[in-house]
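**Student:** next come a sequence and a model predicted from it.
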Amino acid sequence: MAAGATGSNSRSSSESSMSDYDLTKMQKMHRQFKQYLWIIPLLAVLFILLNLIIGYAYLTTNEMIEPIWPYPSDLGSSKPYASYFTEFITIISFLCKYKFIEYNNNIDFIITTYCRYKQISLYLISGFEKETNNNKHAKKILVKLQKRNFCSFLLNFILIFAAITMGSFRMSEHFIIHWIALSIFIIFTIVYMFIMCHLSRKLYDYGEIETKPITMYISAIIFTIAAIVSIIAGIVSITQLKSSDDIMNNRLRLFWLSNMDGYDWHLVSTISQWIGIIMYIPFLCSISRRMRLFHGWNQIMF
C-alpha cells in the first residue's frame, strides 16, 4: 500500500512538474509573441498591395476590365478573382483588427487595434500622469483622452463590419449595398485616423512619449481629401450619363472609355479612390513603428 501510494505521488509530482514546465514555456512564448505584434500591421500592408497588384494585373491581362484606373472595388467584380478579392478583404480586416491565439486552454482575444488601445492606455496612465504631476487639470485631460482612446477601439468593430460587407456584397451584384458599406467604412476610417493622430500628438506634447504623428496626419488628410473628391467626382460623372442607372451597368462601368460621357469625372473619382487606399500604407506603417518602439508589452495583460 505504501509503495503504491509513493508511486502515485511520484507520478503526480512528475506530471505537475511537466505541467509547470509547459506553462512556463508557453508564458515565455507569449511574451516573445507580444514583442512582435508590430509585424501584424505590416502584414496588412502586404495583403493590401497584393490584392491591388494581383487583381489589377489579372483582370487587365485577361481583358476583363478597362486597363486605365478602374474603381478598386471593381477588381472584385469579375469571377474567378472576385472570390480571391473577398478573401483578401477578409484577411486584411482580421490582420488589422483580430488575432487569436490559444494559450493555457483559454482563447486570448488579441486585436491589433486593441493592442494599440492598450499601449496608449498604458502611456496615459504612466507617462502622461508623470509628466503632468497628476494635477486636477491634467486629470480632466486624461479622462478625455482615455474616452477618445476607447472610442477609437470601438470604431474598429464598425470598420470590420463595413469591410467584410464590402467584400461579400460585390459592386457588380449588389451595387447599392456595396456603396453603403463603402460610405460607412470611409466615414469611420476618417474619424479613426484623426483620433489616432490626436492621441499621438498629445503623447508627444506631454513629455515626447511618442514622436510627432506627421506621417499619420498627412495620410489622414490626403485620405479625407481623396474620399471627398472621389464621391463628388463620382456623382458628377453619373449625372453626365444618359441615365443614372447606367452606373449599375457592369459592362459600361468596367469598360468606361475616353469617348463616353462623364469619362473625365469618372477618372478623377477612380484615381482619388486609389490614392485613398494607398494612404492606408504609410498610416499602418506608422502604427507598426510606434508598436515596435514600445517596450512595455509585458506590462499589458491579454
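**Tutor:** Sure, I can see it.
**Student:** got a pLDDT number for the residue nearest to S230 when sequence neighbours are not counted?
**Tutor:** Distances taken as CB to CB, 6 or more residues apart in numbering place S272 nearest to S230, at 3.8 Å, with adjacent residues excluded. Quick note: C-beta positions are derived from backbone N, CA and C, even for glycine. In this model, S272 is scored at 92, pLDDT.
**Student:** and S272, how far from G296?
**Tutor:** 39 Å (CB to CB, to the nearest Å).
**Student:** ok, A220 next?
**Tutor:** 26 Å.
**Student:** who has more neighbours out of these two?
**Tutor:** A220 (23 against 13; other CB atoms under 10 Å).
**Student:** which residues touch the more buried one?
**Tutor:** By CB atoms under 8 Å, 6 or more residues apart in numbering, the contact set of A220 is I190, M193, F194, M196, C197, M279, F283.
**Student:** how near is it to L203?
**Tutor:** A220 is 16 Å from L203, where distance means CB to CB.
**Student:** what's the answer for K242, then?
**Tutor:** In terms of CB to CB, K242 sits 54 Å off from L203.
**Student:** look at those two and report which has more neighbours.
**Tutor:** L203 (24 against 9).
**Student:** name the element the more buried one belongs to?
**Tutor:** helix 175-205 (DSSP states H and E).
**Student:** again with A44
**Tutor:** Going by DSSP H and E, A44 is part of helix 39-61.
**Student:** give the rounded mean pLDDT of that helix.
**Tutor:** Rounded mean pLDDT across helix 39-61 is 81.
**Student:** name the helices or strands packed onto it?
**Tutor:** If contacts are counted by 3 or more CB pairs under 8 Å, 6 or more residues apart in numbering; DSSP states H and E, helix 39-61 sits against helix 81-97, helix 112-123, helix 263-278, helix 280-292.
**Student:** for that helix, C-alpha coordinates in PDB please.
**Tutor:** Written as PDB, here are the backbone C-alpha positions of helix 39-61 (Å, rounded to 0.1, in the frame of the first residue of the first chain):
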ATOM      1  CA  ILE A  39       4.500  42.900 -37.600                       C
ATOM      2  CA  ILE A  40       0.800  42.400 -37.900                       C
ATOM      3  CA  PRO A  41       0.000  45.900 -39.400                       C
ATOM      4  CA  LEU A  42       2.900  45.300 -41.900                       C
ATOM      5  CA  LEU A  43       1.200  42.000 -43.000                       C
ATOM      6  CA  ALA A  44      -2.000  44.000 -43.600                       C
ATOM      7  CA  VAL A  45       0.100  46.400 -45.800                       C
ATOM      8  CA  LEU A  46       1.400  43.400 -47.700                       C
ATOM      9  CA  PHE A  47      -2.000  42.000 -48.400                       C
ATOM     10  CA  ILE A  48      -3.400  45.400 -49.500                       C
ATOM     11  CA  LEU A  49      -0.600  45.600 -52.100                       C
ATOM     12  CA  LEU A  50      -1.100  42.000 -53.200                       C
ATOM     13  CA  ASN A  51      -4.800  42.500 -53.600                       C
ATOM     14  CA  LEU A  52      -4.400  45.600 -55.700                       C
ATOM     15  CA  ILE A  53      -1.500  44.400 -57.800                       C
ATOM     16  CA  ILE A  54      -2.600  40.900 -58.500                       C
ATOM     17  CA  GLY A  55      -6.300  41.900 -59.100                       C
ATOM     18  CA  TYR A  56      -5.300  44.700 -61.500                       C
ATOM     19  CA  ALA A  57      -2.800  42.500 -63.300                       C
ATOM     20  CA  TYR A  58      -5.100  39.500 -63.700                       C
ATOM     21  CA  LEU A  59      -8.200  41.500 -64.900                       C
ATOM     22  CA  THR A  60      -6.300  43.700 -67.300                       C
ATOM     23  CA  THR A  61      -4.300  40.800 -68.700                       C
END
